[in-house]
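*Asks:* the following comprises the amino acid sequence and a computationally predicted model.
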Amino acid sequence: MIIDASNQVLGRLSSEVAKKLLNGEEIIIINSEMAIITGNPKDIEENFMRKKKMGDPHHGPYYPKTPNGILRRSIRGMLPYKKPRGREAFKRLKIYVGNPNNLKGEKITKEKNEIECKYLTLKKISDKLRGL
């Protein structure tokens, strides 16, 4: 199954994908940098910056800074990845920034035009985390 993450809410997308992975489906997610996180943009940035600064750079915990890494981590959090069933499900997931093979993906959750609150895209969050 191919899913287009552009203008999809991150948490809703992650939970739907996690359910499908646990049911044995192989999932490819394209345009991961265009997924959105709803809420106050300032609070979202502070939350991700806090996660980035946690721990020791040599010993972790390590938090992803790329859009596909952030999406992958949110999906992993909804899977029992420390158990064999969750590990196998997580291996069936592929995430791409952009659309490398001009694939057609489907939308599975609400889009940003159906959302009435403020939001940030994963690309903007990633740029902030990497200091760009």
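*Replies:* Structure's in. What do you need? Numbers count the residues shown, from 1 in each chain.
*Asks:* now for the helix or strand where residue 127 lies, which elements pack on it?
*Replies:* Secondary structure from DSSP states H and E places residue 127 in helix 122-129. Identification of packing neighbours for helix 122-129 by 3 or more Cβ pairs under 8 Å, 6 or more residues apart in numbering; DSSP states H and E yields strand 36-38, helix 41-53, helix 67-76. No exception for glycine: its C-beta is placed from N, CA and C like everyone else's.
*Asks:* of all the ones you listed, which one comes closest to residue 20?
*Replies:* Nearest to residue 20 among those is helix 67-76; the distance by Cβ to Cβ comes to 10.2 Å.
*Asks:* buried ones in that closest one, by neighbour count?
*Replies:* For helix 67-76, burial by neighbour count (16 or more other Cβ atoms under 10 Å) applies to 67-72, 74-76.
*Asks:* ditto for stretch 42-59
*Replies:* Of the residues in stretch 42-59, 44, 48 count as buried by neighbour count, 16+ other Cβ under 10 Å.
*Asks:* now tell me which helix or strand of the chain has the poorest mean pLDDT.
*Replies:* The weakest-scoring helix or strand in the chain, judged by mean pLDDT, DSSP states H and E, is strand 119-121 (a mean of 86).
*Asks:* report the central residue of the chain.
*Replies:* The residue lying closest to the centre of the chain (Cα atoms, centre = their mean) is residue 71, at 1.5 Å.
*Asks:* what is the burial count for residue 105?
*Replies:* Using other Cβ atoms under 10 Å, residue 105 has 17 neighbouring residues.
*Asks:* so who does the closest residue to it other than its chain neighbours touch?
*Replies:* Once flanking residues are discounted, residue 105 sits nearest to residue 4: 3.1 Å by Cβ to Cβ, 6 or more residues apart in numbering. Residue 4 makes contact with 29-31, 104-107, according to Cβ atoms under 8 Å, 6 or more residues apart in numbering.
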